[in-house]
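Asker: 3D model of this:
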Amino acid sequence: NRLLRFGFSGMFGFGGRTLALAEKHRWIPSKERREFAVIKTLANLKSEDCEISFLPSKNTHLDNQECKRNGNGTNAEEQCSEDEWKSMQGDFINISIMAIPCLCSMAPRGLAPDTRLDNGSMSLIAVRNSTRADFIKHLKQYGNLNNQCNFPFVE
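Answerer: Numbering: from 1, shown residues only. Below you'll find the model as predicted:
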C-alpha cells in the first residue's frame, strides 16, 4: 500500500512563460532563477487573445459540510453545475487553473486558497489585459492574506 499524492495546476500566459523560462535556466540557484524569470517575463509582458469555456460553480466558497459526498455518490459541486457552460473571450495576460491551493512562500494562503481536492472542483483565475503596474499590484496581492483577486481585470 502506497499513499499517492497528486495535484494539478496549469498556467497560460505570464505564469506559463515564467515557468518555461525558469526551466531553461536550471543551472541558476532556485531563488535567483525564480526572480530572474519573473523579472524577464514582466519586462516582455504581453497578452494573448483566447476564449475560455468552463462550468462555473454556483457556490464559490463551499464549506466543509457541502464538500462531503452525498448519499447518491455525487458531491455538492456536481449537483450545482447542471452543464451550463460559460465562455469568456478577449485578451488575457494570465490564465491559471488549479486543483490544489498551490501554497508557496510568495503566497502563504496559496494561489487558489479555497481549492480542495476533495470536492471535485478547480479554481480558474483569468487576468485580462491591464497595465504592467496593475498586473504587478495583482501579483503582490498574493502575499496578502486578504482577497487576492480584488481587481476589476481579474476574474
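
Asker: report the longest helix in the chain, please.
Answerer: The longest helix of the chain (DSSP state H) is helix 30-43.

Asker: list the buried residues in that one.
Answerer: R33, R34, A37, V38, T41 (16 or more other Cβ atoms under 10 Å). For the C-beta atoms, the positions are set from N, CA and C on the backbone; glycine is no exception.

Asker: swap in stretch 12-22?
Answerer: Of all the residues in stretch 12-22, those buried under the rule 16+ other Cβ under 10 Å are F12, G13, F14, G15, G16, R17, T18, L21, A22.

Asker: please save the CA atoms from it in CSV.
Answerer: Provided in CSV are the C-alpha atoms of stretch 12-22 (Å, rounded to 0.1, in the frame of the first residue of the first chain):
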residue,chain,number,x,y,z
PHE,A,12,-1.1,30.0,-19.7
GLY,A,13,0.4,33.4,-20.5
PHE,A,14,2.6,35.1,-17.8
GLY,A,15,2.7,32.0,-15.5
GLY,A,16,3.5,29.6,-18.3
ARG,A,17,6.2,31.8,-19.8
THR,A,18,7.7,32.3,-16.4
LEU,A,19,7.9,28.6,-15.6
ALA,A,20,9.3,27.8,-19.1
LEU,A,21,12.0,30.5,-18.7
ALA,A,22,12.9,29.2,-15.2
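
Asker: my read: E51 touches K86, true?
Answerer: No: at 11.0 Å, E51 does not count as touching K86 under the criterion of Cβ atoms under 8 Å.

Asker: what score does E77 have for pLDDT?
Answerer: At E77, the model reports a pLDDT of 46.

Asker: now for the protein, the helix or strand with the poorest mean pLDDT.
Answerer: The helix or strand of the chain with the poorest confidence is helix 64-67; it has a mean of 36 (mean pLDDT, DSSP states H and E).
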